[in-house]
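Asker: I need the structure of the sequence given here:
(chains A, B, C and D)
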Number of protein chains: 4
Amino acid sequence: MANFGGHAIPGSFFLLYGFWLTVKHILQHFWRTKQSKGREIMPPVFKRIEYIEGGFLIFASFVGIMVEQFVVDGPHAHLYNTETNSWVKLMNWQHSTMYLFFGISGIALVVSTASELVPAGVDRLALSVALFVEGFLFYFHVHSRPPLDAHIHSLLLVAVFGGSASTMLEVFIRDNIVLELLRSCLFFLQGSWFYQIGFVLYPPSGPKWDLELHNNIMFVTMCFCWHIAMALLLVTCISSVILFTTKRFSGRGRDIEIGMRHTSNGTSSQKALLEASDEE
Amino acid sequence: MANFGGHAIPGSFFLLYGFWLTVKHILQHFWRTKQSKGREIMPPVFKRIEYIEGGFLIFASFVGIMVEQFVVDGPHAHLYNTETNSWVKLMNWQHSTMYLFFGISGIALVVSTASELVPAGVDRLALSVALFVEGFLFYFHVHSRPPLDAHIHSLLLVAVFGGSASTMLEVFIRDNIVLELLRSCLFFLQGSWFYQIGFVLYPPSGPKWDLELHNNIMFVTMCFCWHIAMALLLVTCISSVILFTTKRFSGRGRDIEIGMRHTSNGTSSQKALLEASDEE
Amino acid sequence: MANFGGHAIPGSFFLLYGFWLTVKHILQHFWRTKQSKGREIMPPVFKRIEYIEGGFLIFASFVGIMVEQFVVDGPHAHLYNTETNSWVKLMNWQHSTMYLFFGISGIALVVSTASELVPAGVDRLALSVALFVEGFLFYFHVHSRPPLDAHIHSLLLVAVFGGSASTMLEVFIRDNIVLELLRSCLFFLQGSWFYQIGFVLYPPSGPKWDLELHNNIMFVTMCFCWHIAMALLLVTCISSVILFTTKRFSGRGRDIEIGMRHTSNGTSSQKALLEASDEE
Amino acid sequence: MANFGGHAIPGSFFLLYGFWLTVKHILQHFWRTKQSKGREIMPPVFKRIEYIEGGFLIFASFVGIMVEQFVVDGPHAHLYNTETNSWVKLMNWQHSTMYLFFGISGIALVVSTASELVPAGVDRLALSVALFVEGFLFYFHVHSRPPLDAHIHSLLLVAVFGGSASTMLEVFIRDNIVLELLRSCLFFLQGSWFYQIGFVLYPPSGPKWDLELHNNIMFVTMCFCWHIAMALLLVTCISSVILFTTKRFSGRGRDIEIGMRHTSNGTSSQKALLEASDEE
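Answerer: You can find the predicted model right below:
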């Protein structure tokens, strides 16, 4: 979809997803740090959040595939035209393939939340593969385009492959809030960069950009760094707001809880002694 | 062996090996999760499975080397022809070298299963080296070929080097089911992609592919992603079938076993107290 | 700032920062190894050191941005000149962007020292991103320059990206003195190499270098290795001096402290027995 | 030193060093696995081995630098000829630089063995840097040479950078026998490949190789894999011989030792009980 809208839609999707991930992971992190070591069972609300996220990913990619296929000038599920002996609308097919893998990562998230049998980390692996496939297809996308067009798309790859690598790391390093927020950050970066691509290649208003000018490439490179700074700022602000709101609201409930734990612990004195010696 | 058969044979081998690995690792994973922490001695059946796998790898690579060497138009173990001052059938020699390293990885598997002295991880290292050598030789294989031919072979490298890297990781991160299934997945991918190469470069029926057309390259890139999706699907289905079958069959035996463990643990009460304090 | 001074200023900054990091990390390391396992609360002097470092980073990058913007031939905060339809002084803007990210890493350091809520590792992540952005902008900086100029700048990237990677590792591997000194070392390398670039491209005295001569490139490559050796030597010397000085000065104070600990530990005998069994 | 001898000397050095490392690490591994968990103090013989290795590295690199500098057609410590305005014998200077870093790694080994203050891993870091510098200089070495010459040198880089990466890993993953033997293996590979380069570029007897022929490049690539197989075989054979010899010789001594440990352990019964509960 080589127009402004075709870049604004995935851009909005990734910005929204980055926002969702930031909120989710900050809530999970707050819950983890609040808990004492002995009680590590996730409350059911987190399960429900994962189901919603997975379901949304599946739904969004289904809609994405349908739109790419059955839009007016789409391939309508035809891959090869035997009359003209040529492939039909490969660009739309490639976009459908990208959506397909985000759908698969949604399925992986739902299944791994629902069943204890699915090993931990499968959802992250699926998301990492989805980002890898997106970057992989984009990499061969940019072939033989004007310099600025090729450059602005290859900068996107920094966000995409960076996200794929950091998500892959999460398969092994679980529940690390820095990694999780880095992932949110890279989704924000990807989202805002999609918008930037739209504004540069298909400006909704104003003059067209010169796609050959070296100075434009230099500006766009620097602009990418500004988007990084913006993404870092966004994640920081959202995290802080969530964290302070949650702290205030959970304050009263926690006091009661602590009181209850004191009572239940008071009975066993030898156990406490042994615990103390272990912790030293 | 530049024909359809020459790509179908290694393709079938890798598909079969991917299937074998999936079944093996799911069974091992099921056994690991079923066990209580104190009893980590592998039952002898797993040792036997490793011997069979190692023996099969050694046998298959021996046959592979023999066929490459003594096929009608093969080098018949001659490396250099002093009359014409030229190398004899370097392609067959390169394939023999690849087989050799899979044979070495088979030997490493047998030896590390048989002896306690061989450090853990040697079998994975040998397999990683075998995949690295395969990719290394293929990388210099594709020099000066038509674009589509070079591209379709270099896509194979994604599966080969990916497999090599993930297997190398297993040297350090042992018994991680996600990594093990990722490896199976990459073998499936490699196997099915060998078939794809055969179908594209030496189509058994139908018209030949235009090796210069850019659209063909774009389709093939996307097709590789479909093979990834297929490999993920295959591993998921096989794993699920194995897991549910094993659960049903092992259900009765486990109940008896748990009963026995309860009895044997009941005698020592102070020990249990100390254990509890350690685990907290 | 394409002159000798424009390379000497960041060079001095990085040399100073490398020196500061070496001293800081050696002191922290000495303190860590001196402590018994049970008492891992940082003394407040280390917090103050972090605040000073963060504050200095913020101040230095603010000054850097101001200088780059409001220097006589600077852009004076104008990005695009609508009259000539061209970007204004993109080089200065790029340098400002680099400073901005070092400022962000300073803020991250201050905030993560001040608040317990900020997860450990955020300061290192911010520093890693700052180095990545520096390298990223330099990478596209060197386009279409004479060979020696491009080569000498791309050698800088080895130090910059090496520093970014090793700092990223520190997000996961905390308090590893080898990694921390490696980082100091790479800052020294970066600093001294900035000076070297200044001396080669804008020699303050003597003849100009031939920017096309292959032998000059060969010498510069080797010279970079000598800078590595020098950086290693500097870190070793500074570390040794600090370590021996601290040892001498802290000797008397420690003896008293150990005496106090002996007294306080002597009361609980059963506890000591349990500890001994756990440590075995 | 562009002749057969100039490649045979470093080749022999690396083969010898690979042999030494294999023997050392197998002995250390045997000693580690033999020990019970409580007694992890290295016997003094291992310290002496490290001193010998460090001293040898320092001595060999000193000799190497002297030979490179003061050989008949060497630079005799002159770097720049102000009369002809050109660099003096940069090749010899580059080789001296490589030796310098192996000397530094020798010093690091001696110092880190002698003093408890030097953090663990510094010796591996120095060796990793030495290999990195070697590869770094070689990488810019091969510029504008005939294809076969460039190719055969760039294959060397696989062994050099592989060794650098695996040694860097050892900074974090200590006492992992698989990594240690991988390092030995890569030194063997480097050594034997130096010989191969000598035989191909400066054949002591027989006809010269055609440096432009593509088939020669293909053979050399495959030949590199054979060297990998040979290095694996060498490390396996040496390890097995050392392991079986040590087992036989240490058999009698161990029996006595175990007897002694039984006696000394027999006194404390409660301690044993506590130990048992911890290990479960």
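
Asker: contact partners for A:S239?
Answerer: A:22, A:26, A:181 (Cβ atoms under 8 Å, 6 or more residues apart in numbering or on different chains). To be clear about C-beta, it is placed using only N, CA and C from the backbone, and glycine gets the same treatment.

Asker: give me the residue at the spatial middle of chain A.
Answerer: A:F187 (4.7 Å; Cα atoms, centre = their mean).

Asker: now do the strands in chain A.
Answerer: For chain A, strands defined by DSSP state E occupy the ranges A:80-81, A:86-87.

Asker: in CSV, list those strands along with mean pLDDT, distance to chain D and mean neighbour count.
Answerer: Formatted as CSV, these follow (pLDDT from 0 to 100; distance: least, Cβ to the nearest Cβ, whole Å; neighbours: other Cβ atoms under 10 Å in any protein chain shown):
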stretch, mean pLDDT, distance to chain D, mean neighbour count
strand A:80-81, 86, 36, 12
strand A:86-87, 87, 34, 15
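
Asker: quick one, which of those strands is nearest to chain C?
Answerer: Smallest distance to chain C across those (Cβ to the nearest Cβ): 34.4 Å, for strand A:86-87.

Asker: residue ranges in chain A under the pLDDT threshold?
Answerer: A:1, A:36-42, A:251-280 (pLDDT under 70).

Asker: in it, which helix is the longest?
Answerer: helix A:214-265 (DSSP state H).

Asker: how about stretch A:18-33 as CSV, C-alpha atoms only?
Answerer: Taking Å, rounded to 0.1, in the frame of the first residue of the first chain, the C-alpha atoms of stretch A:18-33 are listed here in CSV:
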residue,chain,number,x,y,z
GLY,A,18,4.1,-0.4,22.5
PHE,A,19,1.8,1.4,24.8
TRP,A,20,0.0,-1.8,25.8
LEU,A,21,3.3,-3.6,26.4
THR,A,22,4.6,-0.8,28.6
VAL,A,23,1.5,-0.8,30.8
LYS,A,24,1.4,-4.6,31.0
HIS,A,25,5.0,-5.1,31.9
ILE,A,26,5.0,-2.2,34.5
LEU,A,27,2.0,-3.7,36.2
GLN,A,28,3.6,-7.2,36.2
HIS,A,29,6.9,-5.7,37.5
PHE,A,30,5.1,-3.8,40.3
TRP,A,31,3.3,-7.0,41.3
ARG,A,32,6.5,-9.0,41.3
THR,A,33,8.5,-6.6,43.4
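
Asker: can you put the strands of chain A in TSV and add distance to A:M168?
Answerer: Output for the strands of chain A, formatted as TSV (distance: least, Cβ to Cβ, whole Å):
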stretch	distance to A:M168
strand A:80-81	34
strand A:86-87	32
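
Asker: return the nearest residue of the stretch 1-150 of chain A with respect to chain C.
Answerer: A:H29 (7.3 Å).

Asker: which residue ranges of chain A form helices?
Answerer: A:4-34, A:44-70, A:90-114, A:122-141, A:147-172, A:177-201, A:214-265, A:269-279.

Asker: can you add distance to B:P44 and give these back as a markdown table?
Answerer: Output for the helices of chain A, formatted as a markdown table (distance: least, Cβ to Cβ, whole Å):
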| stretch | distance to B:P44 |
| --- | --- |
| helix A:4-34 | 42 |
| helix A:44-70 | 40 |
| helix A:90-114 | 33 |
| helix A:122-141 | 30 |
| helix A:147-172 | 31 |
| helix A:177-201 | 41 |
| helix A:214-265 | 46 |
| helix A:269-279 | 37 |
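
Asker: which of those helices sits closest to C:C223?
Answerer: For these, distance to C:C223 was read as Cβ to Cβ. The smallest value, 28.6 Å, belongs to helix A:214-265.

Asker: tell me what angle the closest one forms with helix C:122-141.
Answerer: 170 degrees (axes from the mean of the first three to the mean of the last three Cα atoms, to 10 degrees).

Asker: now do the contacts for A:F136.
Answerer: Taking Cβ under 8 Å, 6+ apart, we find A:F136 in contact with B:158, B:221, B:224-225.

Asker: out of the residues you listed, which are buried?
Answerer: B:158, B:221, B:224-225 (16 or more other Cβ atoms under 10 Å in any protein chain shown).

Asker: list just the nearest of these to chain C.
Answerer: Using Cβ to the nearest Cβ, B:V158 is the member of the buried ones among the contacts of A:F136 that sits closest to chain C, with 23.1 Å.

Asker: if we can go back for a sec, not counting its neighbours along the chain, what's nearest the residue nearest to the centre of chain A?
Answerer: A:G18 (3.5 Å; Cβ to Cβ, 6 or more residues apart in numbering or on different chains).
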